[in-house]
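Asks: got a predicted model here, sequence first, then my questions.
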Amino acid sequence: MGHLDHATFGWLTPLLSYAMACIGAALGLSCTVRALDTTGRSRRNWLITAASAIGSGIWTMHFVAMLGFGVYGTDIRYNVPLTFLSLLGAMVVVGGGVFAVGYSRDRTRALLLGGFATGLGVASMHYLGMAALRLHGTIHYDPLRVVLSVVIAVIAATAALWAALNIRSTRAVALASLVMGAAVSSMHYTGMLAVTVRVTPSGAVLHGATAMQFIFPLAVGLGSYLFLTSAFVALSPTAPERAAYAHAEHAQTPADAGPSGRGPDLRSRRAARGPDASTADTRSPAATR
């Protein structure tokens, strides 16, 4: 039985992975809140951004944590197509839950179904990522701990979607993202505690990429995407801010301004001069002689 080490770099990878989960959750919740305040294409775009943020945040959390995973007696490689598939699956399934909440009229039903589907998607991402592992030996799972990790994922996803529906303030979003990050990290390490590895010594070459060759650059890229998207969201005005701006512009416009905004129009000037003046304006030059 191979000895597993979940923190080969000490507390660096657990803390960094937790931070990535929190950033992804905060960004996703912020985008969902913006989406619920809009309609049409704008709502769809905000929801797509929310799904990509939460999905990539969860995926980045998982594989940053996996940077610190090691098994004594064997090297570890990653199957690149399966790893990409786990990322795509996370975004698609999270997107299904986010869109269900964003467009459904029955919010309670959408919350339950969306949370359940999103939680299963998060758990599937985790175990699909584990299936991408290549090592000299076989991986076994404790069924009870696997079920527990899935339950944690469903609860975390439901809590995140509930927060998106009921939270509006920045402070509340930050607090919810910290809780969501803790739940996702708990799900990951619960799933990892379910793992046992029976090492089979071998001199065969392992196919795939090492963590530093593939996972690290991809995690850095997704982390940069999250930070840039966070900056974009922070600079985008909220619905109350847009309403206040429109009200301020309306208040600055003179009440007697014409359609062009340059002053009273011809009809207003005629009304101010009275009916006699209007009649005089319509007389022909011959009638005035």
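Replies: Sure thing, it's come through.
Asks: at which residues are the helices of the stretch 51-200 of the chain located?
Replies: Chain-ordered helices for the stretch 51-200 of the chain, with DSSP state H, counting those that start in this stretch as the definition, fall at 80-103, 107-131, 143-166, 170-193.
Asks: Throw the ones you listed into TSV and include distance to residue 249 and mean neighbour count, thanks.
Replies: No exception for glycine: its C-beta is placed from N, CA and C like everyone else's. Compiled in TSV, the helices of the stretch 51-200 of the chain are given as follows (distance: least, C-beta to C-beta, whole Å; neighbours: other C-beta atoms under 10 Å):
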stretch	distance to residue 249	mean neighbour count
helix 80-103	29	20
helix 107-131	34	20
helix 143-166	30	20
helix 170-193	25	19
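Asks: just give me the neighbour total for residue 6.
Replies: Neighbour count for residue 6, taken as other C-beta atoms under 10 Å: 16.
Asks: repeat for the one 3 residues further on
Replies: Close neighbours of residue 9, defined as other C-beta under 10 Å, add up to 12.
Asks: residues contacting it?
Replies: Neighbouring residues of residue 9 by C-beta atoms under 8 Å, 6 or more residues apart in numbering: 67, 68.
Asks: my guess is residue 201 contacts residue 135. True?
Replies: No. Using C-beta atoms under 8 Å, residue 201 makes no contact with residue 135, being 11.3 Å away.
Asks: among the two, which residue is more densely surrounded?
Replies: Neighbour tally, residue 201 and residue 135, criterion other C-beta under 10 Å: the higher count belongs to residue 135, 19 against 8.
Asks: if we can go back for a sec, shared neighbours, residue 201 and residue 135?
Replies: Residues touching both residue 201 and residue 135 comprise residue 74, with contact defined as C-beta under 8 Å, 6+ apart.
Asks: re the thing from before, got TSV for the helices of the stretch 51-200 of the chain, with distance to residue 24 too?
Replies: As requested, these are exported to TSV (distance: least, C-beta to C-beta, whole Å):
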stretch	distance to residue 24
helix 80-103	10
helix 107-131	11
helix 143-166	10
helix 170-193	8
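Asks: between those, which gets nearest to residue 45?
Replies: Counting by C-beta to C-beta, residue 45 lies closest to helix 80-103 out of the helices of the stretch 51-200 of the chain; the figure is 11.2 Å.
Asks: next up, the contacts around the nearest residue to residue 154 once chain neighbours are set aside.
Replies: In space, not counting the residues next to it along the chain, residue 154 is nearest to residue 119; the distance is 3.0 Å by C-beta to C-beta, 6 or more residues apart in numbering. Shown here is residue 119, whose contacts under the criterion C-beta under 8 Å, 6+ apart are 150, 153, 154, 155, 156, 157, 158.
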